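*Asks:* Next comes the sequence, and after it the predicted model I'd like to discuss.
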Amino acid sequence: MQRQWCDTVNLMGVQTNAERILAHTERAVREDEALEVARERADDLGVTPVSPAVGAALAMFARMLDAKTVVEIGTGAGVSSLWLLRGMRDDGVLTTIDYEPEHQRAAKQAFRASQIAPARTRLINGSALDVLPRLADDAYDLVFVDSGPVDHPHFVREGVRLLRPGGTIVFHNALCDGRVADSSQRDAATIAVREAAKTLSEDDKLIRVLFPLGDGLLCASKM
């Protein structure tokens, strides 16, 4: 059951070259049954999971970092969690935060279906803004932020603080359906995403890049 992604067409009903490239990029990743079932569960909960290409990128980041400690803000139904865990070390632990208990129950089902050992996940129910200050400085290889875009500025300082030297923070929804690239767009979410990106770019201890996968991945690595 391969999903179709990036099927946006222009007003003439014909895909632009950029849209064809993005659609191909998204369709190039195939997911196994456990991930597909987790996606169906997300649909039932009204949760929008990361696209397959975004998931594969997260797994790649985790693998390249040899990640043992990862924080995820926004568990959802566990789709991005599964991708992160597949890229992490076998002894790695994913700390995933969500304020909806129902989401975390769904994620636990996904973990069991993928035979993820319970010791490899730490699920924290609550607001990430309350939880993050209790986590240790310089202790995490990767931080993934999959919250509403309007909250991105709140997570920049705390997220970067958690990273060990060489660690990476990744913000999903960094393009806001393309509005970030349109200077005339001034809604709250778009302004917030621009603010987060500006703060990251002004930190001389970070290397920053934006990838047009899913709804955009804004990534920064601590030097």
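*Replies:* Perfect, I can see it now.
*Asks:* What residues of the lowest-mean-pLDDT helix or strand in the chain count as buried?
*Replies:* When the helices and strands of the chain are scored by mean pLDDT, DSSP states H and E, helix 17-27 comes last with a mean of 88. For helix 17-27, a neighbour-count test (16 or more other C-beta atoms under 10 Å) marks L22, A23, T25, E26, R27 as buried. Just so you know, the C-beta spots here come from the backbone N, C-alpha and C atoms, and that holds for glycine as well.
*Asks:* Put the alpha carbons of it into CSV.
*Replies:* What follows is helix 17-27, C-alpha atoms only, in CSV (Å, rounded to 0.1, in the frame of the first residue of the first chain):
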residue,chain,number,x,y,z
ASN,A,17,9.1,20.2,-13.0
ALA,A,18,9.8,21.0,-9.3
GLU,A,19,6.6,19.2,-8.3
ARG,A,20,7.5,16.2,-10.4
ILE,A,21,10.9,16.0,-8.8
LEU,A,22,9.5,16.2,-5.3
ALA,A,23,6.8,13.7,-6.1
HIS,A,24,9.4,11.3,-7.4
THR,A,25,11.6,11.8,-4.3
GLU,A,26,8.7,11.0,-2.0
ARG,A,27,7.6,7.9,-3.9
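*Asks:* returning to that earlier point: closest to E33 out of the buried residues of helix 17-27?
*Replies:* Nearest to E33 out of the buried residues of helix 17-27 is R27 (C-beta to C-beta; 18.0 Å).
*Asks:* Next, find the distance separating that closest one from M60.
*Replies:* 17 Å (C-beta to C-beta, to the nearest Å).
*Asks:* Show me what the longest strand belonging to the chain packs onto, helices and strands only.
*Replies:* Assignment by DSSP state E gives strand 163-172 as the longest strand of the chain. Strand 163-172 sits against helix 52-64, strand 140-145, helix 152-162, strand 217-222, with contacts defined as 3 or more C-beta pairs under 8 Å, 6 or more residues apart in numbering; DSSP states H and E.
*Asks:* in this protein, what spans have low per-residue confidence?
*Replies:* 1-15 (pLDDT under 70).
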